[in-house]
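[1] dropping the sequence and predicted coords here.
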Amino acid sequence: QVQLVESGGGLVQAGGSLRLSCAASGLTFSRYAMGWFRQAPGKEREFVTAISRSGDSTALVEHVKGRFTISRDNAKGTVYLQMNRLKPEDTSVYYCAACLRCTKPSARRNEYDFWGQGTQVTVSS
């Protein structure tokens, strides 16, 4: 069965960095666009960033531009989220997701077919 497993979350001070990984199994990874979403307590799950199947195109939400970078390694079946200059408002559970139908990076949550279990990121001030 398909599994997406996130790792790399944790507690970090404001201004610090974290690198999240999402390892995929049970699917042909290169056929899926991948995305990262996040959800803070009491809030809806929101789009953060996404990457095309080949990795040649990305999309990011405005308030993480210049701080977050998404990348992927199709040979390893893994997508990454490098997060720099973290802020307390970045505190959330971060989820990776896979989209088969997406011909380009998508911010639409309902287009994604598979989701990971999430990894907690906490940024202290």
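    Thanks, I have it. Numbers count the residues shown, from 1 in each chain.
[2] can you pull out the strands in the chain?
    3-7, 10-13, 18-25, 33-39, 46-51, 58-60, 68-73, 78-83, 92-99, 114-115, 119-124 (DSSP state E).
[3] what sits up against the shortest one?
    Around strand 114-115, the neighbours that count as contacts under Cβ atoms under 8 Å, 6 or more residues apart in numbering are 2, 4, 27, 95-98. To be clear about C-beta, it is placed using only N, CA and C from the backbone, and glycine gets the same treatment.
[4] which of the residues you listed are buried, as a ChimeraX select command?
    Command for ChimeraX that selects the buried part of those, burial taken from 16 or more other Cβ atoms under 10 Å:
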select :4,27,95,96,97,98
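[5] for the contacts of strand 114-115, give me TSV that also has pLDDT and distance to Val64.
    Shown next, in TSV, are the contacts of strand 114-115 (pLDDT from 0 to 100; distance: Cβ to Cβ, whole Å):
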residue	pLDDT	distance to Val64
Val2	97	27
Leu4	98	20
Leu27	97	26
Tyr95	98	15
Cys96	98	15
Ala97	98	16
Ala98	98	20
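[6] show me which pair in the contacts of strand 114-115 is furthest apart.
    Leu27 and Tyr95 (16.2 Å; Cβ to Cβ).
[7] tell me the contacts of the spatially closest residue to Ala97 that is not a sequence neighbour?
    Nearest non-adjacent residue to Ala97, counting by Cβ to Cβ, 6 or more residues apart in numbering: Tyr112, 3.8 Å away. Applying Cβ under 8 Å, 6+ apart, we find Tyr112 in contact with 35, 97-99, 102, 106.
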